[in-house]
Each structure stands twice: as structure tokens, then as C-alpha cells.
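1. Quick check, what structure comes out for this input:
(one chain, ligands or ions: 2)
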Amino acid sequence: MSEILFDRIVLIGIGLIGSSIARDIKKLGLARDVVISTRSAETLKRAEELDLGTAYTTSSADAVKDADLVIVSVPVGASEAVAQQIAPYLKAGAIVTDVGSTKASVIAQMAPHMPDNVHFIPGHPLAGTEKSGPDAGFSGLFKGRWCIFTPLPDTDRAALDRLSAFWIALGSMIDEMDPQHHDKVLAIVSHLPHIIAYNIVGTADDLETVTESEVIKYSASGFRDFTRLAASDPTMWRDVCLHNKDAILEMLARFSEDLAYLQRAIRWGEGDKLFELFSRTRTIRRSIVQAGQDVDSPDFGRHALDK
Ligand SMILES: NC(=O)c1ccc[n+]([C@@H]2O[C@H](COP(=O)([O-])OP(=O)(O)OC[C@H]3O[C@@H](n4cnc5c(N)ncnc54)[C@H](O)[C@@H]3O)[C@@H](O)[C@H]2O)c1
Ligand SMILES: O=C(O)C(=O)C[C@]1(C(=O)O)C=C[C@@H](O)C=C1
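-> Ligands and ions are numbered 1, 2, ... in the order given. Got it, this is the predicted structure:
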């Protein structure tokens with residue numbers, strides 16, 4: 001058990017991310033009350049069956065009334081609607097944060113509605129899976145993973161420290177970024193990989209010369225990795241594409257140029273070019289794996305969630 005960090009935490013949205021946070025709060029004893037609010041009564045019922053909180057309501061306005069920390073975990077396109085619903089009912093000094101995969105758009109949607117006496121601190125845990133809904137969450141999802149904050153210029157440092165302490169209790173490593181920079185970085189390391197996966201699986205499915213059964217039967221591990229990403233939640237990823245449009249289009253343009261280079265090298269049999277690129281990218285994979293080992297080192301291993 002860790003110490004209580006907030007008396008009352010309110011979770012708006014209880015899918016993969018919200019329910020993973022709920023499980024960690026409970027396991028670590030980080031709050032006295034955990035109020036869960038989501039739009040659909042069916043999802044709320046499931047959250048109650050899973051015993052994820054201490055109170056449940058479909059009214060986000062009722063939920064936030066005495067909240068010390070509000071965590072919004074809904075598809076990014078729903079951010080403004082949630083901000084409008086909760087803003088009049090937030091208590092002075094409350095911290096409001098989110099977990100959305102895009103940041104400039106979430107800030108544009110939520111910040112104008114936030115009262116001056118509330119601390120709005122946008123955040124993004126870089127952890128997830130292709131699954132969605134309250135059953136998909138699990139305790140420990142955020143352990144050893146980055147949580148990036150994109151604070152506003154007037155963000156109160158003490159409130160940011162309190163929120164950081166919460167994510168650190170969940171096992172995360174903390175970083176800060178400018179929202180536009182966040183959106184560019186995430187466009188290349190997260191959004192493009194998903195778009196490419198949706199595209200390649202769609203292309204394979206469309207091929208007239210390859211039957212669906214062959215796609216399933218012969219899907220070797222490379223293609224299977226793509227199918228995992230391509231199974232990700234359509235609502236979430238539609239919203240990510242629509243709400244990080246500029247950065248994604250910029251990265252897609254770069255990607256298409258580099259793909260044309262590769263295509264040309266294959267067409268003209270330029271093995272040196274192919275070998276050089278494939279060697280360079282192999283080094284990147286190795287350094288990611290190396291960093292992963294660091295995360296699993298004894299220093300990271302000693303976390304409250306392991307007890
Ligand atoms: N899935 C990931 O890998 C991942 C990782 C990091 C961040 N995120 C971000 O976290 C957020 C939630 O993603 P998730 O994977 O938990 O999705 P999810 O589909 O599992 O859950 C979304 C939840 O939001 C609720 N919801 C939808 N619209 C709502 C509204 N208007 N008002 C109230 N509740 C509403 C749904 O009922 C559900 O409980 C998204 O913004 C996503 O970009 C996702
Ligand atoms: O691992 C996965 O399946 C994920 O999609 C997680 C992932 C990612 O791209 O790394 C997806 C979206 C997020 O905003 C953060 C994490």
C-alpha cells in the first residue's frame with residue numbers, strides 16, 4: 001500500500017486506460033473515494049461488477065462535485081463535451097487532467113471551459129494495448145512507461161508535482177513537453193505506425209489474388225504484428241487522426257518520400273542502399289530493446305505494484 005494522495009478521485013471514461021488507472025488506485029490505496037462516471041449505463045454497470053470504484057454515475061456533473069483529482073479518459077474527440085459538462089461543478093483547487101493521445105486539440109477543446117480556480121494539466125501516458133473497454137484494463141499497465149505532461153504557461157507547479165506523484169506511484173516516468181512538439185513526436189512514434197498497420201491489413205484484405213483464408217493461414221509473425229495494431233479501437237483512432245491532422249499529414253508526407261526512395265532502390269536493384277537503411281534501422285531496434293532492459297533493471301523493478 002502507498003499513501004493516500006487524493007481524498008476523492010473521479011474517473012470519467014472507464015475503458016482500457018480509465019479502468020487500468022482505477023485498478024492501480026485500488027491496489028495501491030491512493031484515494032479514499034474513487035467515483036466512476038461514463039456515458040453508457042452498460043459500461044458503468046460492468047465497471048461496478050468489476051468493483052473498480054466506490055461510487056458510480058452516468059452524470060459527470062454529479063461525479064466531479066467534490067473531486068480533488070478528475071482524470072478524463074475518453075476518446076479525444078469527446079474532450080470538449082466532457083469539459084462543458086463538468087466545468088460548472090468543479091470545486092476550487094481541483095486538478096483536472098486527461099490521458100488523450102493528442103494534446104494541442106485536447107487543450108483547445110478543454111482549456112477555454114476550465115474555471116480559473118481549477119488546475120488543468122493535460123497528460124498522456126505512453127502505454128496501452130489494442131484492446132478497449134473496462135474488461136481490457138489491468139493493474140501495472142503504466143509501470144516503467146512514460147507519462148508526458150503538456151502544461152499550460154500558467155500551470156501551478158505544486159499542482160503539477162501532486163499529479164506527477166500520482167503517476168510516479170503508478171510506476172510511470174514523467175516528462176514535460178510543449179503540446180505541438182508532443183503531437184509531432186507521437187505522430188511518428190505512435191500514430192503513423194497505427195495508420196500504416198490499418199493500411200497494410202486493409203490492403204491484404206482487398207487483394208483479389210489472395211483469399212481471406214490465405215491471409216489468416218499464412219500470416220507470419222511480421223504481418224501478425226500489424227494485425228495487432230490494426231485491431232485497435234476504431235473510435236479512438238478515428239479521433240486521433242482527426243485531432244492530430246497537421247502533424248500526421250506532415251509525417252505521412254515524409255514517410256511517402258522515404259518509401260519512394262525504397263521503392264526506387266528495389267526497382268533498380270540498389271542493394272547497397274537497401275542494406276544501409278536496414279542496418280541503420282536494426283541499430284534503432286537494438287537501442288530500444290536496450291532501453292527496455294534498463295526499465296526492467298533492479299532499480300525499476302522495486303515498485304509498490306510488485307508487492
Ligand atoms: N488505448 C491506448 O492504447 C491508449 C493509450 C494512451 C492513451 N489513450 C487515450 O486514452 C483515451 C481513452 O482510451 P481507451 O483506450 O481507454 O478507450 P476505451 O474505448 O477503452 O474507453 C473509452 C471510454 O470513454 C467512454 N466515453 C466515450 N465517449 C464519452 C463521452 N462523451 N463522455 C463520457 N465517456 C465517454 C466510453 O464509454 C469508455 O468508457 C483516449 O483519449 C486515447 O487516445 C489510449
Ligand atoms: O501498444 C499499443 O498497442 C499501443 O497502441 C499503445 C500506444 C502506442 O502507440 O504506443 C497507443 C496510443 C497511445 O496514445 C499510447 C500508446
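2. tell me the mean pLDDT for the top helix by length along the chain?
-> Ranked by residue count under DSSP state H, the longest helix found in the chain is helix 271-295. Mean pLDDT, helix 271-295: 85.
3. now do stretch 132-152
-> On average, stretch 132-152 scores 98.
4. residues of it that come out buried?
-> Across stretch 132-152, burial judged by 16 or more other CB atoms under 10 Å covers 132, 134, 136-137, 139-145, 147-151. Glycine gets a C-beta too; all of them are placed from N, C-alpha and C.
5. And the longest helix of the chain, how far out from the chain middle?
-> 25 Å (CA atoms, centre = their mean, to the nearest Å).
6. Report the buried residues of it.
-> In helix 271-295, counting by 16+ other CB under 10 Å, buried: nothing.
7. what's near enough to touch the residue of the stretch 151-300 of the chain found nearest ligand 2?
-> Here the residue of the stretch 151-300 of the chain nearest ligand 2 is Ser190; by CB to the nearest ligand atom that distance is 3.3 Å. Going by CB atoms under 8 Å, 6 or more residues apart in numbering, Ser190 touches Ser101, Leu126.
8. one more time with 10 Å, if that's ok
-> Contact partners of Ser190, counting by CB atoms under 10 Å, 6 or more residues apart in numbering, are Ser101, Thr102, His124, Leu126, Gly128, Leu229, Val240, Asn244.
9. show me the contacts for the nearest residue to the first one once chain neighbours are set aside.
-> Setting aside the residues directly before and after it, Ser101 is nearest to Val240 in space (CB to CB, 6 or more residues apart in numbering), at 5.0 Å. Val240 makes contact with 75-77, 100-102, 105, 186-187, 190-191, 194-195, 232-233, 248 under the criterion CB under 10 Å, 6+ apart.
10. Intersect the buried residues of stretch 132-152 with the contacts of ligand 1.
-> Filtering the buried residues of stretch 132-152 for proximity to ligand 1 by CB under 6 Å from any ligand atom leaves Ser132.
11. Among the buried residues of stretch 132-152, name the ones in strands.
-> Secondary structure assignment by DSSP state E places Cys147, Ile148, Phe149 of those in strands.
12. Please tell me how far the last one sits from Ser79.
-> Same thing as Phe149. 16 Å (CB to CB, to the nearest Å).
13. Equivalent analysis for Leu277, please.
-> Relative to Ser79, and taking CB to CB, Leu277 is found at 39 Å.
14. still on that earlier bit, any chance of the backbone angles for the residue of the stretch 151-300 of the chain closest to ligand 2?
-> Dihedral pair for Ser190: phi -130, psi -50, per degrees, to the nearest 10.
15. quick revisit: so which of the contacts of Ser190 belong to strands?
-> Using DSSP E, the contacts of Ser190 in strands are His124.
16. out of the contacts of Ser190, which touch ligand 2?
-> Near ligand 2, judged by CB under 6 Å from any ligand atom, the entries from the contacts of Ser190 are Ser101, Leu126, Gly128.
17. among these, who's most crowded?
-> Ser101 (26 neighbours; other CB atoms under 10 Å).
18. roughly how far apart are it and Arg46?
-> 23 Å.
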